[in-house]
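Undergrad: Dropping the sequence and predicted coords here.
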Amino acid sequence: MYRKIILTSTILAFIGCTQPQQPQPQLVTQVSNPKTSYIEQLRRFERTRDIGVDITLPNSIKLGEFLKLTATPNIDGYLKLIVINPHNRAETVLPNSYDSGFIRANSTLHTDHKDFGIETFPPKGLHHIVAIFTKQKIPSDYDIMKLLQDVNGGRYGRAYIKVFGLDIY
């Protein structure tokens with residue numbers, strides 16, 4: 001009897017009938033694809049038709065200054081901002097310890113003050129900001145490409161996804 005259980009378990013493991021371990025989501029630290037740039041991959045997820053959000057930010061900013069971003073949505077929801085530096089390293093800057101990213105419909109979020117906490121950081125060069133606005137809050141520990149696939153697929157309701165370029169000098 002004991003041998004049959006071991007043999008059955010072994011056979012199931014070899015033929016793939018056992019349930020595989022699910023990988024834990026994690027924040028992307030670096031991405032590289034020799035055929036398509038990371039930013040080009042991100043841009044294919046852009047969508048602005050589902051939710052009206054007016055987001056403005058400068059094209060360039062001095063290192064050490066606070067990011068002057070404003071966002072005004074037409075519905076209540078959550079804004080997530082991910083900065084990708086010139087070396088393709090990603091960092092979530094919103095939500096942060098100062099703000100959950102929640103914005104009420106027709107009100108404006110301003111990020112250009114020290115209490116908000118989005119200060120430009122090295123390295124100098126062209127950074128990209130991925131702005132994601134959804135009706136539902138998105139977990140923070142998420143691989144960015146998986147996150148964009150889930151948002152684009154409707155997992156967090158209607159969505160706005162836009163990639164902005166920001167030169168830090």
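TA: Happy to help now that I have it. Numbering: from 1, shown residues only.
Undergrad: okay, CA-based contacts and neighbour counts for the rest of this
TA: Fine.
Undergrad: Please enumerate the strands of the chain.
TA: With DSSP state E, the ranges of strands along the chain come out as 53-56, 60-61, 70-73, 77-84, 90-94, 102-103, 109-110, 125-134, 159-168.
Undergrad: who are the neighbours of the third one, in terms of helices and strands?
TA: The criterion is 3 or more CA pairs under 8 Å, 6 or more residues apart in numbering; DSSP states H and E, and the helices and strands that strand 70-73 contacts are strand 53-56, strand 109-110.
Undergrad: What of the fourth one?
TA: Applying 3+ CA pairs under 8 Å, 6+ apart, we find strand 77-84 packed against strand 90-94, strand 102-103, strand 125-134.
Undergrad: Provide a list of residue ranges in this structure with pLDDT below threshold.
TA: Along the chain, the parts satisfying pLDDT under 70 run over 1-36, 48-50, 114, 117.
Undergrad: can you rerun that using 90?
TA: Along the chain, segments meeting pLDDT under 90 span 1-52, 66-67, 88-91, 93-100, 110-122, 135, 138-159.
Undergrad: Nearest to Asp167, out of the helices and strands packed on strand 70-73?
TA: The closest of the helices and strands packed on strand 70-73 to Asp167 is strand 53-56. By CA to CA, the value is 14.6 Å.
Undergrad: With just CA atoms, put the closest one into CSV.
TA: Extracted in CSV, the C-alpha atoms of strand 53-56 (Å, rounded to 0.1, in the frame of the first residue of the first chain):
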residue,chain,number,x,y,z
VAL,A,53,-8.3,62.0,-16.7
ASP,A,54,-6.5,65.2,-17.4
ILE,A,55,-2.8,64.7,-16.4
THR,A,56,-0.2,67.4,-17.0
